[in-house]
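Asker: Attaching a predicted model along with its sequence, questions to come.
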Amino acid sequence: MDSNSLRAFLTIIDQGSFSEAAEVLHLTQPAISKRLATLEHQLGTTLIDRSHRQIRLTEAGTRLLPHARLILDEIHNARVSLSPDNEALAGELQIIASHHIGLHHLPNWLRRFTADYPDVKLNLQFMESDAAYAQMRKRKAELAFVTLSDSMESHFMVYEQWADPMAFATGPDHELTSQNPVTLSDLARYPALLPDTTTATYRTVSRLFLEANLPLQQQIPTNYLETIKMMTSVGLGWSVLPIRMLDNSVHRLDLGFSVSRVLGAIGLSGRRLSLAAQALLAIVREQELNKDPGPKPD
């Protein structure tokens, strides 16, 4: 087996088609088909069932898949370990960030990083945290900056994490603004503007209502917190927002307790970080450690 054939096999599976895999690897479709055929010949078995429109792994392909990823991980680790520590940082660094982190944290990190390491080319992808986990499993980036999940799989490594305090909020003209304090029972009477049910934020809020045996009226779910903030500000319901996002367009509600989520930088266990990735983590560590969450509105 050679690494190019294994990479072709994995890319076909991850992209779901020969043509898209060929595009990713900058090959012609016949060339990527030949690499897969060579691998199958070397192993003496069929790895991908070509009798259907959709790409399907055979039993042998399913067994090979985790080993192929580990082999390429070790090749990656060997390259990283051979890089001298005093080498000037250059090359490409692939990272993923959630939309919220991309808007409210990433700019400061990258401003410092690009000034200190101008020869590193950044390849940025922005997506929801759940999608980021899926892309990291496919080795699409070295680092992902996401909302950490309590159900995160063991093969993910958390390199840095920090609390992201949140607060209940409504629009300035909402009926709840005249109440102090506000209870969960009060909130239960109004629509909730929250991210999708698969998110850590939703699960945190849902758990509070479940434990209090109260209904949660989820309305217009979206994972874009800026959109949720806008809908909250015009009075469509109440929400839970990061404290750093609160301003005069929303009113913070006093429930007598706080909620929080955890943001962090993740990679894959067993896959070494490049010097560029380590340098970016050092900047994140410096800027996020004990950081003030921002002004708290009256």
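Answerer: Nice, I can see it.
Asker: in this structure, which spans are helices?
Answerer: Ranges of helices within the chain are 3-15, 18-24, 29-43, 59-81, 99-104, 106-116, 129-137, 184-187, 200-211, 225-233, 275-288, based on DSSP state H.
Asker: quick one: buried residues of the fifth one?
Answerer: When burial is assessed from 16 or more other Cβ atoms under 10 Å, helix 99-104 yields the following buried residues: 99-102, 104. (Each C-beta comes from the backbone N, C-alpha and C, glycine too.)
Asker: Check the longest one too.
Answerer: Of the residues in helix 59-81, those with enough neighbours to count as buried (16+ other Cβ under 10 Å) are 61, 64, 68-69, 71-73, 76, 80.
Asker: same deal with the third one?
Answerer: For helix 29-43, burial by neighbour count (16+ other Cβ under 10 Å) applies to 32-33, 35-36, 39-40.
Asker: Tell me which other helices or strands it touches.
Answerer: Packing partners of helix 29-43 (3 or more Cβ pairs under 8 Å, 6 or more residues apart in numbering; DSSP states H and E): helix 3-15, helix 18-24.
Asker: do you know which of the ones you listed lies nearest Ala212?
Answerer: Shortest distance between Ala212 and the helices and strands packed on helix 29-43, using Cβ to Cβ, is found for helix 3-15: 42.9 Å.
Asker: follow-up on the earlier one: could you save the buried residues of helix 29-43 as a markdown table and add columns showing distance to Leu110 and pLDDT?
Answerer: Formatted as a markdown table, the buried residues of helix 29-43 follow (distance: Cβ to Cβ, whole Å; pLDDT from 0 to 100):
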| residue | distance to Leu110 | pLDDT |
| --- | --- | --- |
| Ile32 | 34 | 92 |
| Ser33 | 39 | 92 |
| Arg35 | 36 | 93 |
| Leu36 | 38 | 93 |
| Leu39 | 39 | 93 |
| Glu40 | 43 | 92 |
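Asker: Asn248: which of those residues is nearest?
Answerer: Of those, the one sitting nearest to Asn248 (Cβ to Cβ) turns out to be Ile32, at 55.1 Å.
Asker: ok, so what distance separates the closest one from Ser17?
Answerer: 10 Å (Cβ to Cβ, to the nearest Å).
Asker: Please write out the alpha-carbon positions of stretch 26-35 in PDB.
Answerer: The C-alpha coordinates for stretch 26-35 follow below in PDB (Å, rounded to 0.1, in the frame of the first residue of the first chain):
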ATOM      1  CA  HIS A  26      -6.200  17.900  -8.300                       C
ATOM      2  CA  LEU A  27      -6.400  14.700 -10.400                       C
ATOM      3  CA  THR A  28      -8.400  13.500 -13.300                       C
ATOM      4  CA  GLN A  29     -11.200  11.100 -12.600                       C
ATOM      5  CA  PRO A  30      -9.400   8.200 -14.500                       C
ATOM      6  CA  ALA A  31      -6.300   8.800 -12.300                       C
ATOM      7  CA  ILE A  32      -8.100   8.600  -9.000                       C
ATOM      8  CA  SER A  33     -10.000   5.500 -10.200                       C
ATOM      9  CA  LYS A  34      -6.600   3.900 -11.100                       C
ATOM     10  CA  ARG A  35      -5.300   4.600  -7.600                       C
END
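Asker: Flag the shaky bits of the stretch 1-150 of the chain, pLDDT-wise.
Answerer: Low-confidence segments of the stretch 1-150 of the chain, defined by pLDDT under 70: 84-88.
Asker: so how far is Ala60 from the residue of the chain most remote from its centre?
Answerer: Going by Cα atoms, centre = their mean, the residue of the chain most distant from its centre is Gly44, 38.1 Å out. For Gly44, the distance to Ala60 equals 9 Å [Cβ to Cβ].
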